[in-house]
Each structure stands twice: as C-alpha cells, then as structure tokens.
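[1] Predicted model follows, preceded by the sequence.
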Amino acid sequence: MSSKLKIGIAGYGIVGKRRRQFIDSNSYAQVIAVCDRKFEKSGQMEDGTYFFANLQSMINEVKLDAVFVCLTNDIAPKATIYCLENGIHVFCEKPPGRTVEDVEQVILTEKKFPKLKLMYGFNHRYHESVKEALKIVKEKSLGEIINMRGIYGKSKILSFESDWRTKREIAGGGILLDQGIHMLDLMRLFAGEFTKIYSFVHNYFWQHDVEDNAYSLMKTDNNIVAMLHSSATQWRHKFQLEVTLQKGQLILSGILSGTKSYGAETLTIVYPHENDCGDPKEVTIRYNNDPSWNDEVSDFIKCILTDCPISSGSSEEALKTMQLVYNIYSSDSKWKEKYSIF
C-alpha cells in the first residue's frame with residue numbers, strides 16, 4: 001500500500017468522485033486526500049481519506065505525488081500551476097482553462113519542471129469506437145480522408161439555466177468550450193490542424209453570455225474539410241462523427257457516458273461498390289464497455305511511474321485544441337467584437 005502513488009483530488013464533485021473510482025481501482029495509486037469548498041474545515045473521512053476546504057491546505061498538510069484537478073475553468077489553471085510549483089504531477093480536466101492565455105501560462109510553468117507530468121482529460125480518444133476508427137484511417141485501407149461532419153449536442157437541461165457553465169466569468173465559453181472541444185480534439189486527431197475557419201457563434205436561445213450554438217466550417221492545408229455543430233439546443237443528447245474517405249466511410253454514432261444518454265456507441269464501416277446503387281455494404285460494431293476513464297487514468301499513472309512522455313492529452317495538444325476553439329470564436333466577427341475575443 002505504501003508504494004502506491006499518493007493522489008489528491010482538487011474539486012470533489014461529480015467528476016472528482018468519478019475520477020476517484022478509477023484511481024482507487026488502479027493497483028499503483030490511491031486517493032489519500034481531497035479538497036473542495038463544500039468542506040468547511042479539515043478532517044478525515046470514515047475510510048481514512050483526508051479532506052480539506054482548499055488546495056493550499058491539502059498540499060501543505062499531506063505529501064502527494066499527483067493531483068487530479070477537477071475544478072471550474074476559472075481556477076483550474078491556477079491550481080495546476082500551484083501544484084507544479086510544489087513539485088506535484090497534475091492531471092487536469094478539460095477544458096484547460098477559460099482562454100488560450102490560461103494554457104500558455106500553465107505551459108510556461110510546466111517548462112520549469114520538466115520531470116513533472118502534466119496531462120489533460122480528453123477521454124474521448126480512449127473510446128473503443130474512436131480507437132478502431134483511427135486504426136482504420138491510419139491503415140489507409142479506405143484511402144485518405146476527404147471530409148468530416150460532426151454533431152455534438154446536449155438536450156435542454158435545467159441546470160443550463162443556472163449552472164456555472166452559463167457564466168462567461170467562470171466558464172470562459174459555452175457549449176463549444178465545454179463539450180464541443182471533445183469533437184474538435186477528435187477532428188484534429190483524425191485530420192490534423194485546421195488553418196481556414198468560418199463560423200457562426202450564437203447565444204440567441206438561452207440568452208446567456210456564452211454560446212449555445214457554434215457552427216463551423218474548417219479546412220486543413222491538405223484540403224480536408226470538416227463541419228462542426230456544437231449545440232445546447234439539440235433537445236436530445238447526440239454524438240455523431242462521419243469520416244468520409246476515398247474508398248468508404250466511418251460513422252461514429254453515440255458515445256458511452258456516465259448517464260448513457262448519448263445512445264449506443266457504434267462504429268459503422270461503409271464499403272461502397274460501383275453496383276450498389278447507393279445502398280452500400282455496411283458493417284456495424286456496437287460497443288458495450290466504456291474503458292475511457294480507466295485507461296486514461298492508467299496512462300497518466302504509467303507515465304509517472306515509468307517517466308515516459310505524455311502521449312495523449314499533453315499540454316501541447318490541449319493548447320492546439322484550445323487555439324482551435326478560439327479561432328472558431330474569432331472567425332465570427334460579430335461574436336468576436338461582442339466579447340472582445342482576439
């Protein structure tokens with residue numbers, strides 16, 4: 001037990017508790033402390049876990065190897081920097097901050113401590129359907145990618161009317177920054193960097209000071225075009241990503257989540273034929289297991305123990321995805337002017 005990595009969790013809400021589930025199930029790590037503003041004072045839970053009202057107290061009182069930062073977007077970058085400056089490895093949930101500048105500040109600190117690991121939580125890369133689709137793309141059995149279409153939408157949810165995610169001062173952005181960032185991360189994973197971007201960003205429906213819909217048309221330098229719709233007015237949870245290639249198509253539909261509300265996670269592989277009259281052969285794989293959270297946590301712990309570089313969810317990847325989010329914001333001239341985005 002004593003040889004296990006000692007883990008702290010900053011922000012012990014729904015996400016923090018779910019992260020704990022997968023940390024404690026790992027043979028090489030154990031959560032020994034948590035902090036959250038809901039705790040009025042320090043103490044110890046029945047299972048022996050220490051709890052604190054703030055991050056500073058947790059770090060001062062308990063020797064930790066790593067901290068999982070599960071805090072709101074306004075304080076997550078500061079917490080990440082604080083942990084790094086105290087010699088602690090960090091896993092931080094997405095988004096990496098409210099702005100591109102937030103991420104850049106974190107990276108400046110990260111460079112001062114090259115022996116520490118910093119990883120960001122982009123768990124969609126670990127879903128089985130995504131990994132299989134990426135494998136097919138890399139094998140090039142269906143040729144090169146021509147284009148992609150992605151929809152990631154949330155239904156009407158009551159918390160959207162009062163949640164901190166609706167407040168620009170805390171969240172930095174709306175549905176695109178909160179959820180659409182996963183789809184952008186996947187599009188970058190499949191196609192590379194997008195250099196031409198057109199977009200419309202709106203908050204017409206919910207009338208908060210963050211976006212409730214973002215529509216974007218993007219193109220890479222090698223002419224792969226991607227269309228994205230990130231929506232908080234979808235009225236049902238929806239995830240779909242179509243990757244069209246020279247000799248077929250990959251359709252990722254549904255994504256397994258804690259709520260199971262995005263439907264069955266499937267990958268449909270389309271094999272067109274000159275005589276199929278527009279009704280091609282399809283093979284659909286349905287996935288019943290979501291290993292993403294467990295595998296992501298295991299990768300982070302492995303990188304610490306073996307001192308290997310972060311290969312998925314690195315700060316460099318997080319910065320590029322964050323820059324893409326802000327390029328979408330700024331390519332809508334009205335949105336850019338309204339919220340002084342540069």
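    Looks like it came in fine.

[2] domain ranges for this protein?
    5-122, 124-293+322-339 (the TED database).

[3] Switch the ones you listed over to CSV; also include distance to Ser312 and mean neighbour count.
    No exception for glycine: its C-beta is placed from N, CA and C like everyone else's. Output for the domains of the chain, formatted as CSV (distance: least, CB to CB, whole Å; neighbours: other CB atoms under 10 Å):
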stretch, distance to Ser312, mean neighbour count
domain 5-122, 7, 19
domain 124-293+322-339, 5, 18
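
[4] Select from those the stretch with the lowest mean pLDDT.
    Among the domains of the chain, domain 124-293+322-339 has the lowest mean pLDDT, at a mean of 94.

[5] Mind listing residues that contact stretch 327-337?
    173, 176, 184, 194, 197-202, 211, 214, 216, 218, 228, 339, 341-342 (CB atoms under 8 Å, 6 or more residues apart in numbering).

[6] Make JSON lines out of the domains of the chain and add distance to Ile304.
    Formatted as JSON lines, those follow (distance: least, CB to CB, whole Å):
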{"stretch": "domain 5-122", "distance to Ile304": "5"}
{"stretch": "domain 124-293+322-339", "distance to Ile304": "17"}
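
[7] Looking at these, spot the one closest to Lys302.
    domain 5-122 (8.1 Å; CB to CB).

[8] what about the helices in the stretch 51-200 of the chain?
    Secondary structure of the stretch 51-200 of the chain (DSSP state H, counting those that start in this stretch): helices at 55-61, 76-85, 100-110, 128-139, 168-171, 175, 181-191.

[9] From the contact counts, what lies against the third one?
    This means helix 100-110. If you count contacts as 3 or more CB pairs under 8 Å, 6 or more residues apart in numbering; DSSP states H and E, helix 100-110 packs onto helix 76-85, helix 315-331.

[10] of these, which approaches Ser141 most closely?
    helix 315-331 (26.0 Å).

[11] Need the CA coordinates for the closest one. CSV is fine.
    Coordinates of each C-alpha in helix 315-331 appear next as CSV, following Å, rounded to 0.1, in the frame of the first residue of the first chain:
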residue,chain,number,x,y,z
SER,A,315,-0.3,20.3,-22.8
GLU,A,316,0.8,20.9,-26.4
GLU,A,317,-2.3,19.0,-27.7
ALA,A,318,-4.5,20.9,-25.2
LEU,A,319,-3.1,24.2,-26.4
LYS,A,320,-3.7,23.4,-30.1
THR,A,321,-7.3,22.4,-29.4
MET,A,322,-7.9,25.5,-27.3
GLN,A,323,-6.5,27.6,-30.1
LEU,A,324,-8.9,26.0,-32.5
VAL,A,325,-11.8,26.8,-30.2
TYR,A,326,-10.8,30.4,-30.1
ASN,A,327,-10.2,30.6,-33.8
ILE,A,328,-13.8,29.5,-34.2
TYR,A,329,-14.9,32.2,-31.8
SER,A,330,-12.9,34.9,-33.5
SER,A,331,-13.9,33.9,-37.1
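
[12] quick check, distance from that helix to the centre of its chain.
    For helix 315-331, the separation from the chain centroid amounts to 12 Å (computed by CA atoms, centre = their mean, to the nearest Å).

[13] And stretch 263-279, by the same measure?
    28 Å.

[14] How far does it stretch from one end to the other?
    24 Å (CA to CA, to the nearest Å).

[15] tell me the contacts of the spatially closest residue to Ile81 that is not a sequence neighbour?
    Distance criterion CB to CB, 6 or more residues apart in numbering; nearest residue to Ile81, sequence neighbours excluded, is Thr109 at 4.7 Å. Contacts for Thr109 (CB under 8 Å, 6+ apart) come out as Thr80, Ile81, Leu84, Glu85.

[16] any idea how far Thr109 is from Ala10?
    Distance from Thr109 to Ala10, counting by CB to CB, to the nearest Å: 16 Å.

[17] a markdown table please, covering the helices of the stretch 51-200 of the chain and showing distance to Met119.
    Formatted as a markdown table, these follow (distance: least, CB to CB, whole Å):
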| stretch | distance to Met119 |
| --- | --- |
| helix 55-61 | 18 |
| helix 76-85 | 11 |
| helix 100-110 | 11 |
| helix 128-139 | 18 |
| helix 168-171 | 22 |
| helix 175 | 24 |
| helix 181-191 | 13 |
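
[18] can you tell which of those helices is closest to Gly153?
    helix 175 (8.0 Å).
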